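Novice: Here is a sequence with its predicted model. Questions after.
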Amino acid sequence: MPINQIIVLDNRPDAEPTPANFKLVTAETPALVEGQVLVKHHYLSLDPYMRGRMNAGKNYAQPQPLNEVMIGGTVGEVVESKHPKFSVGQTVQCMGGWQEYSVINAGLPGALKHVNAEKVAISHYLGAVGMPGVTAWYGLNKIIQAKAGKTVTVSAASGAVGSAYGALAKARGCRVVGIAGGQAKCDYVVHELGFDACVDYKEHKDYHSLSKALKEACPDGIDGHFENVGGMVLDAVMLRANDFARIAVCGMIAGYNGEPLPMTHPTLILKSRMAIEGFIVSEHMEVWPEALAELSDLVASGQLKPRETIAHGLAAAPEAFIGLLKGQNFGKQLVKLV
């Protein structure tokens, strides 16, 4: 059996994560038993939700155990199989974690999925045609309930979730305005992703200034918003929200290291009769087939042009992950392992 490189969580961060929180170890992959499949990972997905799992406190999922492989989505190829539905050489997706190989109990529902490597690049199954894309789809359709002619916004617009959200919203006839950090990201959001406008939050020192920019970009107000960041961004959006606006809350990356994120004007929820709902996309598996079908078509047709930031080699994962939390990535953050 091949020798496997693995990154485990060695200790929990007190505030911002550092490379010292992780440890690279080596182990031999175990022999397979009936029903198992050995997968060689080609790409590892790095996602903001992993930061919350590093803490020991209350969260929507169990904390990442210490001295065990870090959780993470992967895509790769079957190199050995003792399951009748999976053959050597097939391209598959799984939650293989921060390691070069994983042994998957393929009989468990959803544990291992075939992917179509001919329709779109396999890396997109960790981004636009994977969990981030479905996250955007669910928030837009089930919470915001987007309709043609309405104005919708999204923070972290150039990222994996935000870019998919924009393509989905444009396909529904919405005016779509992104919020992103830096001119280069805003240019990508408008000129490559097809958003109607993008506001650079880095140009604004407080939520009042950001809100004024949103007023210019959203002259008819905001009917729906997808929140990935929180803090000043959410405060600014709420000032521009129309009556009965709907806000889907997927992330609060501005507070992932324990920073307080007080809401400046909570009375607007009542005055504007807003609906604000947080969600976890893994709790809504019933929508995944429909969402993935639409997303794969958007990517294959060129209507959605996902951008990726790729680190090389498993050892680069901790630094890439830390950079992701600081907004240093452009689009979907991946680690290429082969």
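Specialist: Great, that's in hand. Computed from a prediction, not measured in an experiment: that's the story for all the values here.
Novice: Only C-alpha atoms from now on, for both contacts and neighbour counts.
Specialist: Noted.
Novice: For the least confident helix or strand in the chain by mean pLDDT, name the packing helices and strands.
Specialist: One helix or strand of the chain scores below all others by mean pLDDT, DSSP states H and E: helix 49-53, with a mean of 93. For helix 49-53, there is no helix or strand it packs on, judged by 3 or more C-alpha pairs under 8 Å, 6 or more residues apart in numbering; DSSP states H and E.
Novice: Kindly provide the whole-number mean pLDDT of stretch 130-143.
Specialist: In this model, stretch 130-143 has an average pLDDT of 98.
Novice: from the chain's centre, how far out does it sit?
Specialist: 10 Å (C-alpha atoms, centre = their mean, to the nearest Å).
Novice: Stretch 248-257 too?
Specialist: 11 Å.
Novice: does G139 count as helix, strand or coil?
Specialist: helix (DSSP: H, G, I helix; E, B strand; the rest coil).
Novice: Pull the contacting residues for it.
Specialist: 226, 248-250, 279 (C-alpha atoms under 8 Å, 6 or more residues apart in numbering).
Novice: ok, 7 Å please
Specialist: 226, 248 (C-alpha atoms under 7 Å, 6 or more residues apart in numbering).
Novice: picking that back up, buried sites along the least confident helix or strand of the chain?
Specialist: 49-53 (16 or more other C-alpha atoms under 10 Å).
Novice: Within the helices and strands, which one has the most centrally placed residue in the chain?
Specialist: Residue closest to the mean C-alpha point of the chain, counted by C-alpha atoms, centre = their mean, is P132 at 3.9 Å. According to DSSP states H and E, P132 maps onto helix 131-138.
Novice: hey, C-alpha coordinates of stretch 226-237 in PDB?
Specialist: Provided in PDB are the C-alpha atoms of stretch 226-237 (Å, rounded to 0.1, in the frame of the first residue of the first chain):
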ATOM      1  CA  PHE A 226     -26.300  36.700   0.500                       C
ATOM      2  CA  GLU A 227     -24.000  37.300   3.400                       C
ATOM      3  CA  ASN A 228     -20.500  35.700   3.600                       C
ATOM      4  CA  VAL A 229     -18.700  38.300   5.600                       C
ATOM      5  CA  GLY A 230     -20.800  40.100   8.200                       C
ATOM      6  CA  GLY A 231     -19.700  43.100  10.200                       C
ATOM      7  CA  MET A 232     -19.500  46.400   8.400                       C
ATOM      8  CA  VAL A 233     -20.700  44.900   5.100                       C
ATOM      9  CA  LEU A 234     -24.000  43.500   6.600                       C
ATOM     10  CA  ASP A 235     -24.600  46.900   8.400                       C
ATOM     11  CA  ALA A 236     -24.200  48.700   5.100                       C
ATOM     12  CA  VAL A 237     -26.500  46.300   3.200                       C
END
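Novice: The longest helix along the chain vs helix 131-138, what angle?
Specialist: The longest helix of the chain (DSSP state H) is helix 288-301. Relative orientation of helix 288-301 versus helix 131-138 (axes from the mean of the first three to the mean of the last three C-alpha atoms, to 10 degrees): 110 degrees.
Novice: If we go by neighbour counts, what in the helix or strand that helix 288-301 is followed by is buried?
Specialist: The helix or strand immediately downstream of helix 288-301 is strand 308-312, counting by DSSP H and E. Of all the residues in strand 308-312, those buried under the rule 16+ other C-alpha under 10 Å are 308-311.
Novice: what's the closest of these to A317?
Specialist: Using C-alpha to C-alpha, the shortest approach to A317 within the buried residues of strand 308-312 belongs to A311, at 7.1 Å.
Novice: my guess is that closest one contacts L334, does it?
Specialist: Yes: the criterion here is C-alpha atoms under 7 Å, and A311 meets it with L334 at 6.3 Å.
Novice: tell me the domain ranges of the chain?
Specialist: Following automatic domain parsing, the chain resolves into domains at 3-127+307-336, 131-282.
Novice: Let's have the ones you listed in TSV, adding distance to E290.
Specialist: What follows is these, written out as TSV (distance: least, C-alpha to C-alpha, whole Å):
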stretch	distance to E290
domain 3-127+307-336	15
domain 131-282	9
